[in-house]
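> no sequence for this one, just the structure:
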């Protein structure tokens, strides 16, 4: 099963409403689809220490061994208050090796390329744990309770929405776009107005494919046109079968 490229024209409508800030380098109309086989390190900052790999083949592929940390963070593209980010992912290897974590981050990237995103001074993480078959939202590694359950290796979508300066919503979706679960959280710490986007692997050896990273407006800020575009985009599905 392979992640399907999202329909692009729904994001054209979003970009027309949201303005030119949605498009930067490899992001086109607010979406990064990782086309081709060449990593765009002008747009993304890779981290693969001590052992790991990041490759691209019409989707982003992250791999790590038991001791490694691997993530990929935007250098300039950021998510502001009233915006959100989502990404599709599929676990390709490592399901039977332990609790694999597929991670989506919003971060201040304070450590830059000297440490993994997990160690940044301000980060929001939403991840899927294969061992627990559940989704979890975290603020600097702190959080409570699972947010719905899913059975791998079917593709899923992770989403983080910044509803206000102190409020975020974590949501997970099935391959067909149906909602698995969502949680709205009030933040305990102050976060910058803009946070960079990151994806990563956590906890154990694995290979995970990520695709269709998209910056989106939060519900109520984009109007009917934007919401209609998102609905169409979601209905297109994740898998080419």
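That came through, no problem. Everything quoted here is computed from the prediction, not taken from an experiment.

> okay, helices next: where are they in the protein?
9-18, 223-235 (DSSP state H).

> least confident of those, on average?
Least confident of the helices of the chain, judged by mean pLDDT, is helix 9-18 with a mean of 40.

> which residues touch residue 79?
By C-beta atoms under 8 Å, 6 or more residues apart in numbering, the contact set of residue 79 is 85, 106, 160, 162, 194-197, 215. For the C-beta atoms, the positions are set from N, CA and C on the backbone; glycine is no exception.

> do that again at 7 Å, thanks
By C-beta atoms under 7 Å, 6 or more residues apart in numbering, the contact set of residue 79 is 85, 106, 162, 194-195, 197, 215.

> quick one: buried ones out of the residues you listed?
85, 106, 162, 195, 197, 215 (16 or more other C-beta atoms under 10 Å).

> what is the nearest of these to residue 124?
Minimum distance to residue 124 across the buried ones among the contacts of residue 79 is 4.4 Å, recorded for residue 106 (C-beta to C-beta).

> tell me who's in contact with that closest one.
Counting by C-beta under 7 Å, 6+ apart, residue 106 touches 79, 85, 123-124, 160, 195, 197.

> beta partners of the closest residue to it other than its chain neighbours?
Nearest in space to residue 106, with sequence neighbours left out and distances taken as C-beta to C-beta, 6 or more residues apart in numbering, is residue 195 at 4.0 Å. Counting by DSSP bridges, residue 195 forms beta bridges with residue 79.

> isn't residue 195 right next to residue 105, touching?
No - taking contacts as C-beta atoms under 7 Å, residue 195 lies outside contact range of residue 105: 8.4 Å.

> residue 55: how many residues sit nearby?
Using other C-beta atoms under 10 Å, residue 55 is surrounded by 13 other residues.

> hang on, it packs against residue 61?
Yes - contact status for residue 55 versus residue 61: in contact at 4.8 Å, counting by C-beta under 7 Å.

> make TSV from the contacts of residue 79 and add pLDDT and distance to residue 74 to it.
As requested, the contacts of residue 79 are exported to TSV (pLDDT from 0 to 100; distance: C-beta to C-beta, whole Å):
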residue	pLDDT	distance to residue 74
85	98	9
106	98	10
162	98	15
194	98	11
195	98	10
197	98	5
215	97	10
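
> which one of these is nearest residue 131?
residue 106 (24.0 Å).

> please name the bridge partners of the closest one.
The partner residues for residue 106, given DSSP bridges, come to residue 124, residue 197.

> state the distance from it to residue 208.
18 Å (C-beta to C-beta, to the nearest Å).

> over to residue 103?
Distance from residue 103 to residue 208, by C-beta to C-beta: 9 Å.
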